[in-house]
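K.L.:
Build the 3D model from these lines:
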Amino acid sequence: MGSFLGALLGVKTALPGHATLESCAFKAKNVMKTTAKPTQRKRDPSGPSRATLVEVAEAAGVSASTVSRILNGTARVSSDKRKAVEKAIADLNFTPNVLAQSLKRGQSMTIGVVTPALDSPFFNETLKGIEAGLAGSGYAALIVSGHWNPEEEAERVALLMARKVDGIIMVSGNIPDDQIVRFSEQVPIVATGHGCEADNARAIRVDNVWGGYRATRHLIELGHRQIAHIAGMPNLQDANDRLVGYKHALEDARIPFDEALVVQGDFRESGGMLCANQLLDRGVPFSAVFAANDQTAYGARLAFYRRGIRVPEDISLIGFDDLPGSLYTTPPLTTMRQPVYEIGHMAAGAVLGLITNKPFKLEQPQVELMIRETTRRLR
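P.N.:
I've put the predicted structure just below:
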C-alpha cells in the first residue's frame, strides 16, 4: 500500500532488489525498443533453414521485387543497392529457387542431349564439349541414349520434349534429317553429324569425304597401292562419305578399286578386329588399312598383333577422329583429327543462340592429318 501511495505522491519507493518504479519503467521502455527492431542475423550455411527472398529484401533495405529483378538481371538500380542486395545474399546464404524461376518464365532451363551410345570415347568427348559450352549459362544437360536405333532416338526426342526441355542437341545417330526438321518445329535442335537446316534447326558436320580422301592419300603418298578399307555403319552418312573419299583418292591416283579390300565394320573395336581378320582370311594382299574411325583401328591393330603382323613394318594403319587414347596406343596411331570436343562446345552455343534468339555463327569444323607411328613408307 505504501508503494502505491508513494507512486501517487511521486515518491521513489524502493522495490525488492533496490529498483525504483522509475527505473523499472525505463527498463521496460528499453525492452520494448529492443524487441521492436531485431538485429539482423546471419544464417549458418550448414544449417537446415533456408533464407527467403523477403528476408534478403529486408536485410538489404529494398523491396522483394527489386531483389527479384536483380537476380533476373532486369533491374536498373544504383550500385549501392546492388551491393546491398549482394551482401545480403552472401550473409544469409541465399540460394534462388531455380525451379520456381523457370516455372515463372515458362522454361525448364534444361537442354536435352541424345547420343547413340554412352560408352563411346568419341561421344564422351562431344559430351564434355557440350558441358563446357553450357557452363555459366544456367542451363543443365539431360542426357539420354538412342543406342544407334532411329526409332529409339525418335522416342528419346519425344520424351525430352514431354519433359519441356528448352532445346535439344542430337549427337550424330541414325535418325533421318527430315525427322529432325519436323521435331524442330516444336523445340530448337542442333544436330552434329547431320545435314538438316531449318528455321529452328542447325547442323554441324565435318567434311568426311575430304577426310577419307586425305587419309587414303597419305597412304598413297607413302607408296602404298593395295589399300584396304574397314568401313563404318552402312546407314550412317559419316561412314558413307569416308568411303566415297577413299574411292576418290584411289581414282585420282589411278589405282583400281577392289571390292575385296573393303569390309563392313560398325565403328567399334570388336568390329575392327573381326574385319581385319576377314581381310586376312580373304587372301587378297594389302599393305595398308584405312579404318573408318579410331576405335575400328584399335580392333584391327589387336587382330594384326595376334596374327604376328607388325604395324607399321608389315601393314600401315590409319584411323579417323583422333581420340585421346590414340596418343597412347602401341605404336601411337596415325589418324585424321576432327575436333570432337570443339564440336560439342559449338553445338551448345548454337542451341543457346536458338533458344534466346541471339546471333551466333557456325563454321564447318576442319579435319587434320595427324601423322604418328602406325604408317610408314612402303619398302
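K.L.:
Now do the strands in this protein.
P.N.:
In the chain, the strands defined using DSSP state E lie at 110-115, 140-145, 167-171, 189-192, 201-204, 227-231, 262-264, 288-291, 316-321, 334-337, 368-370.
K.L.:
quick one, which of those strands is nearest to Arg82?
P.N.:
Nearest of the strands of the chain to Arg82, taken as C-beta to C-beta: strand 140-145 at 26.6 Å. For every residue, glycine as well, the C-beta is placed using N, CA and C.
K.L.:
Give the buried residues for stretch 62-78.
P.N.:
Of the residues in stretch 62-78, those scored as buried under the neighbour-count criterion (16 or more other C-beta atoms under 10 Å) are 62, 66-71, 75.
K.L.:
any chance of the strands of the chain in JSON lines, plus mean neighbour count, mean pLDDT and distance to Glu152?
P.N.:
Formatted as JSON lines, those follow (neighbours: other C-beta atoms under 10 Å; pLDDT from 0 to 100; distance: least, C-beta to C-beta, whole Å):
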{"stretch": "strand 110-115", "mean neighbour count": "25", "mean pLDDT": "96", "distance to Glu152": "9"}
{"stretch": "strand 140-145", "mean neighbour count": "17", "mean pLDDT": "94", "distance to Glu152": "8"}
{"stretch": "strand 167-171", "mean neighbour count": "27", "mean pLDDT": "97", "distance to Glu152": "13"}
{"stretch": "strand 189-192", "mean neighbour count": "29", "mean pLDDT": "97", "distance to Glu152": "16"}
{"stretch": "strand 201-204", "mean neighbour count": "22", "mean pLDDT": "96", "distance to Glu152": "20"}
{"stretch": "strand 227-231", "mean neighbour count": "27", "mean pLDDT": "98", "distance to Glu152": "23"}
{"stretch": "strand 262-264", "mean neighbour count": "18", "mean pLDDT": "98", "distance to Glu152": "22"}
{"stretch": "strand 288-291", "mean neighbour count": "30", "mean pLDDT": "98", "distance to Glu152": "27"}
{"stretch": "strand 316-321", "mean neighbour count": "28", "mean pLDDT": "98", "distance to Glu152": "24"}
{"stretch": "strand 334-337", "mean neighbour count": "26", "mean pLDDT": "98", "distance to Glu152": "29"}
{"stretch": "strand 368-370", "mean neighbour count": "15", "mean pLDDT": "98", "distance to Glu152": "33"}
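K.L.:
so can I have JSON lines of these showing distance to Pro256?
P.N.:
Rendered in JSON lines, the data for those read as follows (distance: least, C-beta to C-beta, whole Å):
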{"stretch": "strand 110-115", "distance to Pro256": "39"}
{"stretch": "strand 140-145", "distance to Pro256": "41"}
{"stretch": "strand 167-171", "distance to Pro256": "37"}
{"stretch": "strand 189-192", "distance to Pro256": "35"}
{"stretch": "strand 201-204", "distance to Pro256": "35"}
{"stretch": "strand 227-231", "distance to Pro256": "11"}
{"stretch": "strand 262-264", "distance to Pro256": "13"}
{"stretch": "strand 288-291", "distance to Pro256": "15"}
{"stretch": "strand 316-321", "distance to Pro256": "19"}
{"stretch": "strand 334-337", "distance to Pro256": "24"}
{"stretch": "strand 368-370", "distance to Pro256": "24"}
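K.L.:
okay, the residue positioned nearest the centre of the chain: pLDDT?
P.N.:
Centre of the chain computed as the mean C-alpha position; nearest residue by C-alpha atoms, centre = their mean is Ile130, 2.2 Å away. In this prediction, Ile130 carries a pLDDT score of 97.
K.L.:
Apart from its neighbours in sequence, what residue is nearest it?
P.N.:
Counting by C-beta to C-beta, 6 or more residues apart in numbering, Gly344 is the residue found nearest to Ile130 once chain neighbours are left out, at 4.2 Å.
K.L.:
how many neighbours does the one you found have?
P.N.:
Neighbour count of Gly344, defined by other C-beta atoms under 10 Å: 27.
K.L.:
What of Thr356?
P.N.:
Neighbour count of Thr356, defined by other C-beta under 10 Å: 13.
K.L.:
same check, this time on Ser270
P.N.:
Each residue near Ser270 was counted by other C-beta under 10 Å, and the total is 14.
K.L.:
Name the nearest residue to it, sequence neighbours excluded.
P.N.:
For Ser270, ignoring the flanking residues on the chain, the nearest one in space by C-beta to C-beta, 6+ apart is Gly299 at 6.0 Å.
K.L.:
what do you get for Val263?
P.N.:
Once its chain neighbours are removed from consideration, Val263 has its nearest residue in Cys275; the separation is 4.2 Å (C-beta to C-beta, 6+ apart).
K.L.:
again, but for His218
P.N.:
Leu369 is the one closest to His218 (C-beta to C-beta, 6+ apart), at 5.9 Å.
K.L.:
circling back to that earlier point, OK, contacts around the residue nearest to Ser270?
P.N.:
Counting by C-beta atoms under 8 Å, 6 or more residues apart in numbering, Gly299 makes contact with 268-276.
K.L.:
how close does Gly112 get to Asn235?
P.N.:
Distance of Gly112 to Asn235, computed by C-beta to C-beta, to the nearest Å: 23 Å.
K.L.:
Please verify my assumption that Phe267 contacts Thr296.
P.N.:
Yes. Judged on C-beta atoms under 8 Å, Phe267 makes contact with Thr296 at a distance of 6.2 Å.
K.L.:
Show the contacting residues for the closest residue to Pro234 other than its chain neighbours.
P.N.:
Nearest-residue entry for Pro234: Gln264, 6.1 Å, with adjacent residues in sequence omitted and distances by C-beta to C-beta, 6+ apart. With contacts taken as C-beta under 8 Å, 6+ apart, Gln264 has the following neighbours: 231, 234, 275.
K.L.:
from the residues you listed, which is closest to Leu243?
P.N.:
Leu243 lies nearest to Ala231 out of the contacts of Gln264, by C-beta to C-beta, at 5.2 Å.
K.L.:
Let me know the distance separating the closest one from Val340.
P.N.:
Here the criterion is C-beta to C-beta. By it, Ala231 lies 20 Å from Val340.
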